[in-house]
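Participant: Next input, structure requested:
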Amino acid sequence: MPTFAYLRVSTKDQTTEQQLTQIAGAGYTVEPDRVFTEQGVSGKIPALQREQFQRLNDRLSTGDTLVVTKLDRLGRDILDVIATVRALIERGVVLVVLGLGTLDNSAQANLTLNMLAAISEFERQIISERTKAKLAQKKADGARLGRPVKVDNAELKSKAEALLASGSSWRNTAKTLGISLSTLQRMMKTTPAEPKI
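Facilitator: Numbering: from 1, shown residues only. Just a heads-up that it's a prediction; the model follows:
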């Protein structure tokens, strides 16, 4: 049965040559038309939303082997990676991850996927707990949480006009009002146009 390779790098200045060398060094012979390469594609993008992975996925069939150098070549979101791996396994595709082993319908492969899912869930819970703790600390320190209160632009513009008329510089006016200089300039430009006769 044919063997395919999937190579991915996140930036345009990186190359996939090393990945192909590692695959060949592990004893896999992959025909050039069965090598699918993503250049400058983030692993955060779900696998099936990537052009080359879609093309690869369309060519894979039962009994085929797909080789990647590392699991993170399939993606950075572990839940998407697990879903992708499970979908490949269900279609009868054997996934080989160098250094990790073969992921197929075996009990060992299922254990590996379940462990990865558990670790991912654990990491999400830890991040959530840290975020809640930081927000609680900020609240305890008196910080206002949530979206800032929307400022009445008409009132703000009126104050800006008064400050500028009194001789305040644009920079000092912006600072007094608590807005950026560019915001002040933009706001002062948006005066209602006089009707044309």
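Participant: Residues in contact with stretch 30-49: which ones?
Facilitator: Applying CB atoms under 8 Å, 6 or more residues apart in numbering, the contact partners of stretch 30-49 are 2-12, 14, 16, 20, 23-24, 50-57, 59, 67, 72-77, 80-81, 84. Just so you know, the C-beta spots here come from the backbone N, C-alpha and C atoms, and that holds for glycine as well.
Participant: Filter those down to the ones in helices?
Facilitator: In helices, judged by DSSP state H, the following of the contacts of stretch 30-49 are found: 20, 23-24, 51-57, 59, 80-81, 84.
Participant: and the longest strand anywhere in the chain with helix 51-59, angle?
Facilitator: The longest strand of the chain (DSSP state E) is strand 3-9. Strand 3-9 and helix 51-59 are oriented at 170 degrees to each other (axes from the mean of the first three to the mean of the last three CA atoms, to 10 degrees).
Participant: list the helices and strands strand 3-9 packs on?
Facilitator: Applying 3 or more CB pairs under 8 Å, 6 or more residues apart in numbering; DSSP states H and E, one finds that strand 3-9 contacts helix 17-25, strand 35-39, helix 51-59, strand 65-68.
Participant: Okay, now the sheet partners of that strand, with direction.
Facilitator: Strand 3-9 has the following strand partners under DSSP bridges: strand 35-39 (parallel), strand 65-68 (parallel).
Participant: CA atoms of stretch 20-38 as CSV?
Facilitator: Taking Å, rounded to 0.1, in the frame of the first residue of the first chain, the C-alpha atoms of stretch 20-38 are listed here in CSV:
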residue,chain,number,x,y,z
LEU,A,20,11.8,14.7,4.6
THR,A,21,15.3,13.6,5.5
GLN,A,22,14.1,12.3,8.8
ILE,A,23,11.3,10.3,7.2
ALA,A,24,13.8,8.8,4.6
GLY,A,25,16.2,8.1,7.5
ALA,A,26,13.5,6.2,9.3
GLY,A,27,13.3,3.8,6.3
TYR,A,28,10.2,5.2,4.5
THR,A,29,10.3,5.7,0.8
VAL,A,30,7.8,8.3,-0.4
GLU,A,31,7.2,9.1,-4.0
PRO,A,32,7.5,12.8,-4.8
ASP,A,33,3.8,13.0,-5.8
ARG,A,34,2.8,11.6,-2.4
VAL,A,35,4.7,14.3,-0.4
PHE,A,36,2.4,17.1,0.7
THR,A,37,4.0,20.3,2.0
GLU,A,38,2.6,23.3,3.8
